[in-house]
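Participant: pasted the sequence and its predicted model underneath.
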Amino acid sequence: MSRIQILSPRLANQIAAGEVVERPASVIKELIENALDAGSNQIDIDIEAGGVKLIRLRDNGCGIDRDDLALALSRHATSKIHTLDDLEAVATLGFRGEALASIASVSRLSLTSSTGSEAWQASSEGRDMQTTLQPAAHPQGTTVEVRDLFFNTPARRKFLRSEKTEFNHLLDVVRRQALSRFDIGFTVRHNQRVVHQLRACRNQREREQRLAALCGPAFIDNALHIDVEAGPLQLRGWIGLPSFSRSQADLQHFFVNGRVIRDRLVAHAIKQAYRDVMYHDRHAAFVLYLQLDAATVDVNVHPTKHEVRFRDGRSVHDFLFRAIHKSLADIRPQTTLRQQDPPAAASHAQPESAPLQQHMPLAYHQPGPAASERQIENSIAAYQLFASQPQPASPAAAGSDIPPLGYALAQLHGIYILSQAEQGLIITDMHAAHERIVYERLKTAHAGSGIRSQPLLVPAAIAVSEKEADMAEQHHELFSRLGLTIEKVSEESLLIRELPIMLPEAGVEQLVRDVLADLITHGQSGRIEAAMDDILATMACHGSVRANRQLTVSEMNALLRDMETTERSGQCNHGRPTWTLLSMTDLDKLFLRGR
């Protein structure tokens, strides 16, 4: 080992750049955040060669005074925090005072700015980190030019990908920042070609237009707007319908107080909220904004500021889960249909003989609050469709508007119900739909009767880590509410004395371990409830009307009416869709009408 010495400013900045500046996308993120903090309402970005040759960002913010220009390129120089109290309640996107110095250490950087009266330019080159200052012509605001990124660190430059790849990464950053601030206009040009020209949004309609431009029109066509507030927490934005799931998590944008973040606690809460309606390994799509007191969230946990730490993570997790879970539960067929094609035009008026049927409720045995699991099972067997009232034969006799899922026309191959709705033809998977209806009834009954436990003849011992044992003891009441009696018998040993009647003893050890892992990581777990829901889902599946069961028109209509009032009826218990719409527009295209 050589003697200890103080690093040169240049080398210290280049080491810092290794944390902050990974590629051109990292540079544009820092520059946009500075522009937003400066109060800009228009940001213009010019890129050449994917950002390696040139990144130029111009804003119309407050600008930088001449005396502060050179300081702006110094490390640990910032106007955004002054005391520890400021750091503990950061309201700006940037605050570390490292970004510009780090970027300048690995590029040729110039900073031109005006506060309104005069303009000056500061230049710095990564070779010697010397800053020069000279007069310039510039309107109020700031322009930052970053040329020849990594020209003095060739090893770093070798890790860059193709021009197209680097530009796509950069564009992803701009897209997220444009989603974070609808009130800001953005223009992006690459190699002199305009890629994005986004005007500042003045109303909800323009915000949805920007959303469609950045996330695709399919997202906004299949998204539900939410706005939920609980005390100091507010969640607003858009969540994708369960039917609009993705094969990967590529359309998930979450913002905390306007800051783009990626957070495990947030991801876990949203995944749990979609658990009951998402098909296998599919991923939800969302653009969500969480607002809370800046003092209750620590943004100073990662150099790139992508991660945050909530002071009360459990409350945030519960709020996110409940807000999204309820919004998804409230989705009914009528909610989805409102976002589909408009109702059929007059040219597609119903024929006089259309068999419109009035509402016919399903008959079933509804278990009371004290129902046992056996009673719940019996209620499934007793859940039968029937019709006993005379049906009207024409629209005039029906005397009411067409319900969302329309009126049954026929049954196809004993599997699908075909119904005529305002928008066109509804096709319903009768088993999947009935399965969801029974499942929701069972969950309601089970919640009313509570979770009943049974003692084990021989308590099950589990060897765990000391941390897991402490966590089990700390959350003793939580386990008890869920029907599990767990006792800490030593520093690294637990004893399971009781478990819910619905859960088989086999596999309970792994379930407890998984719950403890969730509690350690997220401070929350829904695995026990999920396991019991899986059992109820299986019961519902076996108790639902099966394929090839011939239904009368009245029975089919009764099923459709129940779907319209049942939570999450758009998906079966496994996340598959229960119905789909062939609109009149779709049918006209199939038969080339109007051509």
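Facilitator: Received it, and whenever you're ready, just let me know what you need. Just so you know, these numbers come straight off a predicted model, no measurement behind them.
Participant: can we go C-alpha only for contacts and neighbour counts from here?
Facilitator: Will do.
Participant: doesn't Leu224 fall inside a strand?
Facilitator: Yes - assessed with DSSP: H, G, I helix; E, B strand; the rest coil, Leu224 lies in a strand.
Participant: where's it relative to Ala12, distance?
Facilitator: Note on Leu224: its distance to Ala12, by CA to CA, to the nearest Å, is 48 Å.
Participant: next: Met539.
Facilitator: 64 Å.
Participant: same check, this time on Gln334
Facilitator: 60 Å.
Participant: again, but for Asn152
Facilitator: The gap separating Asn152 from Ala12 is 14 Å, by CA to CA.
Participant: looking at the two, which is more packed in?
Facilitator: A side-by-side neighbour count of Asn152 and Ala12, using other CA atoms under 10 Å, places Asn152 first with 17 against 14.
Participant: where does the stretch 101-250 of the chain have low pLDDT?
Facilitator: By pLDDT under 70, the low-scoring segments of the stretch 101-250 of the chain are 126-129.
Participant: okay, helices next: where are they in it?
Facilitator: Using DSSP state H, counting those that start in this stretch, the helices of the stretch 101-250 of the chain run over 154-158, 163-180, 204-215, 217-221.
Participant: can I get those in TSV with mean neighbour count?
Facilitator: Listed next are these as TSV, based on neighbours: other CA atoms under 10 Å:
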stretch	mean neighbour count
helix 154-158	12
helix 163-180	18
helix 204-215	16
helix 217-221	17
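Participant: could those helices be laid out in CSV, adding distance to Ser245?
Facilitator: Listed next are the helices of the stretch 101-250 of the chain as CSV, based on distance: least, CA to CA, whole Å:
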stretch, distance to Ser245
helix 154-158, 37
helix 163-180, 20
helix 204-215, 14
helix 217-221, 10
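Participant: with respect to Pro24, which of those lies nearest?
Facilitator: Pro24 lies closest, by CA to CA, to one member of these: helix 163-180, at 6.4 Å.
Participant: now for that closest one, which elements pack on it?
Facilitator: Using 3 or more CA pairs under 8 Å, 6 or more residues apart in numbering; DSSP states H and E as the contact test, the elements touching helix 163-180 are helix 24-37, helix 204-215, strand 259-260.
Participant: so what strands line up beside the last one?
Facilitator: Same thing as strand 259-260. Applying DSSP bridges to the sheet, strand 259-260 is found paired with strand 252-256 (antiparallel).
Participant: how far off centre is the partner strand?
Facilitator: How far strand 252-256 lies from its chain's middle: 7 Å, per CA atoms, centre = their mean, to the nearest Å.
Participant: quick one: work out the angle between it and helix 163-180.
Facilitator: Per axes from the mean of the first three to the mean of the last three CA atoms, to 10 degrees, the angle that strand 252-256 makes with helix 163-180 is 50 degrees.
Participant: roughly how far does the closest residue to Ala223 other than its chain neighbours sit from Val27?
Facilitator: Distances taken as CA to CA, 6 or more residues apart in numbering put Gly240 closest to Ala223, at 4.2 Å, once the chain neighbours are dropped. Distance, Gly240 to Val27, using CA to CA: 31 Å.
Participant: check Ser117 too.
Facilitator: From Ser117 across to Val27, the span is 29 Å (CA to CA).
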